[in-house]
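**Student:** 3D, please:
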Amino acid sequence: MESSNLQILLGSASPRRRELLAGLDIPFTAVSIDADETFPLDLQAGDIPYFISRAKARAYETRLNDSQLLITSDTIVWADGKMLGKPHDETEAFAMLRSLSGKTHQVYTAVTFAEKENSQLVLTTEVDKTDVTFAELSDEEIRYYIDRYKPFDKAGAYGIQEWIGYIGCTAIRGSYFNVMGFPVHLVYRELKKRGLV
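**Tutor:** Numbering: from 1, shown residues only. Predicted coordinates for the structure are as follows:
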């Protein structure tokens with residue numbers, strides 16, 4: 001698809017987000033952002049990725065110019081009233097997957113669109129939510145998945161598009177791609193508003 005002369009930047013190291021944005025057939029450049037991802041402990045559910053995705057955008061502010069649109073994103077899994085981020089090790093990954101077994105949890109992804117207007121940073125943020133239900137997972141299935149797929153770079157210790165999603169996911173209400181970490185329908189809508197698609 002044709003776009004305007006505004007350069008689209010994707011502020012993410014995630015190969016999944018890069019692949020999903022590329023699937024919209026819109027040219028973009030991936031950039032790396034080193035941001036502080038700590039957040040106030042009183043934040044709940046979708047407010048957490050909202051806060052972090054905006055922090056990522058602000059971390060790039062000095063490099064952003066008026067002819068660029070920066071897209072940043074953050075995803076969390078929310079289960080039993082608490083956030084599941086990326087697991088630090090196998091023990092934590094196992095505990096996360098065990099807690100998701102046989103239950104429905106939520107995946108929240110926030111996407112922030114950052115622009116400069118008269119040298120001032122302007123942020124627009126959208127949050128998407130998907131309900132995901134897992135069947136009962138055996139300890140053996142959980143261990144196999146962790147050993148084989150090493151899901152340490154994924155919120156909630158799983159990738160819906162991997163083996164654990166094939167055998168465990170019984171229902172999804174909302175965007176599948178949101179669970180992968182990038183609600184492309186929402187991104188497309190925002191780009192369309194700006195005349196970029």
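**Student:** nearest spatial neighbour of residue 156, chain-adjacent residues omitted?
**Tutor:** Nearest residue to residue 156, sequence neighbours excluded (CB to CB, 6 or more residues apart in numbering): residue 77, at 3.1 Å. Where C-beta positions appear, they are placed from N, C-alpha and C, glycine not excepted.
**Student:** was I right to think residue 115 contacts residue 65?
**Tutor:** No. Between residue 115 and residue 65 there is no contact under CB atoms under 8 Å: 10.0 Å.
**Student:** next one: the longest helix along the chain to chain centre, how far?
**Tutor:** Longest helix of the chain, by residue count under DSSP state H: helix 47-59. Mean-position distance between helix 47-59 and its chain equals 11 Å (CA atoms, centre = their mean, to the nearest Å).
**Student:** farthest out from the centre of this protein, which residue is that? Tell me.
**Tutor:** residue 118 (29.5 Å; CA atoms, centre = their mean).
**Student:** where do the strands sit along the protein?
**Tutor:** Assigned by DSSP state E, the strands in the chain fall at 7-11, 29-31, 68-79, 82-84, 104-117, 120-134, 169-173.
**Student:** in the second one, what's buried?
**Tutor:** Residues of strand 29-31 classed as buried: residue 31 (neighbour count, 16 or more other CB atoms under 10 Å).
**Student:** next up, the contacts around the nearest residue to residue 37 once chain neighbours are set aside.
**Tutor:** Leaving aside its chain neighbours, residue 37 sits nearest to residue 52 (5.2 Å; criterion: CB to CB, 6+ apart). Going by CB atoms under 8 Å, 6 or more residues apart in numbering, residue 52 touches 35, 37, 39, 74, 110.
**Student:** and if you look at residue 73?
**Tutor:** So residue 73 contacts 11-12, 17, 49, 53, 56, 109-112, 181-182 (CB under 8 Å, 6+ apart).
**Student:** ok, these vs residue 195, which is closest?
**Tutor:** Residue 195 lies nearest to residue 111 out of the contacts of residue 73, by CB to CB, at 18.1 Å.
**Student:** how far away is the closest residue in space to the closest one that isn't next to it in sequence from residue 55?
**Tutor:** Leaving aside its chain neighbours, residue 111 sits nearest to residue 73 (4.8 Å; criterion: CB to CB, 6+ apart). According to CB to CB, to the nearest Å, residue 73 stands 12 Å off from residue 55.
**Student:** ok so, going back, make a ChimeraX selection of the buried ones in the contacts of residue 73.
**Tutor:** With 16+ other CB under 10 Å as the criterion, this ChimeraX line picks the buried residues out of those:
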select :11,12,17,49,53,56,109,110,111,112,181,182
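**Student:** report the contact partners of the residue lying closest to residue 20 once chain neighbours are set aside.
**Tutor:** Spatial nearest neighbour of residue 20, excluding adjacent residues (CB to CB, 6+ apart): residue 182 at 4.4 Å. Each residue near residue 182 by CB under 8 Å, 6+ apart is listed here: 14, 16-17, 20-21, 73, 75, 109, 111.
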